[in-house]
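Undergrad: here is a sequence together with a model predicted from it:
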Amino acid sequence: MNYGFSALNDTDQIPELEIADEAQRLSFQLYHHLASEIDLQNKSILEIGSGRGGGASMIKKYHGPHKMVGLDYSGQAIKLCKKTHNTEGLSFIKGDAENLPFGDESFAAVINVESSHCYDSMTRFLDEVKKVLRPGGHFLYTDFRHEKDLKDLENHISESGLKILRKRDITSNVIKALNEDHDRRMKTISENIPKLFISQFREFAGVKNSVIYNQFQDRKSIYFSYILQKV
């Protein structure tokens with residue numbers, strides 16, 4: 001449940017996937033874009049806003065953390081995750097991104113993918129991320145904002161005390177992914193969604209000529225990624 005990431009050049013790492021996972025390649029590559037920046041092997045990782053659990057599951061599978069916890073506000077999503085993803089070292093819990101149910105310094109890394117634009121308070125969210133990170137731990141973060149709201153976001157990050165190790169504008173990578181995935185998304189929607197709701201789901205999926213797709217094209221919305229560290 002994200003817009004995906006496609007490589008533009010050789011600097012964008014492309015993961016090797018098992019054949020069964022190829023259908024989800026573009027969506028996972030958005031996670032891999034973040035996860036490949038930090039060695040997650042044998043570490044404890046928290047994903048905030050884990051949705052249906054596919055990203056957390058594939059990070060566990062391909063990046064080898066000792067413990068991978070997915071947290072989501074939706075109880076229904078958590079029930080689905082627990083039913084679908086039965087892997088040792090992978091668990092899911094219902095919780096609030098702005099009031100995390102974990103103790104201080106619980107995780108070596110936190111990941112947040114295309115979720116924070118729904119939160120009420122970025123200040124509270126970043127405070128919670130910093131609280132649960134161990135000293136030297138990393139926050140792997142990607143999302144989009146209207147161009148006019150980027151400065152406020154940057155101020156929130158600066159005020160959080162988290163150190164910026166890397167910042168990228170990946171809008172072009174996301175547009176390319178949406179172009180490559182357009183036919184599959186349209187087919188999935190047409191086969192599974194009642195006609196009454198098809199236009200809404202096309203907007204949600206970000207297919208060509210949807211509002212968000214056009215905003216990315218016109219750079220009225222910017223898709224970014226950050227690698228941050230608790231120092």
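TA: In hand now; what should we look at?

Undergrad: now the element after the helix or strand where Lys61 lies, going C-ward?
TA: Element membership for Lys61, per DSSP states H and E: helix 54-63. Counting by DSSP H and E, the element after helix 54-63 in chain order, helix or strand, is strand 67-72.

Undergrad: stretch 133-151: which residues count as buried?
TA: Buried residues in stretch 133-151, counted by 16 or more other C-beta atoms under 10 Å: 133, 137-145. C-betas here are computed from N, CA, C, even on glycine.

Undergrad: confidence score at Asn9?
TA: Per-residue pLDDT puts Asn9 at 87.

Undergrad: that should have said Val132, apologies.
TA: For Val132, pLDDT reads 98.

Undergrad: so of the buried residues of stretch 133-151, which ones are in strands?
TA: Among the buried residues of stretch 133-151, the members falling in strands (DSSP state E) are 133, 137-145.

Undergrad: tell me the one among these nearest to Phe204.
TA: Nearest to Phe204 among those, counting by C-beta to C-beta, is Phe144 at 13.9 Å.

Undergrad: got a list of what that closest one touches?
TA: 3, 114, 117, 171, 174, 212, 216, 221-224 (C-beta atoms under 8 Å, 6 or more residues apart in numbering).

Undergrad: which residues in the chain form helices?
TA: 25-35, 54-63, 75-84, 122-132, 150-160, 171-192, 198-205, 211-218 (DSSP state H).

Undergrad: nearest to Leu46, of the ones you listed?
TA: In terms of C-beta to C-beta, the element of these nearest to Leu46 is helix 122-132, at 6.5 Å.
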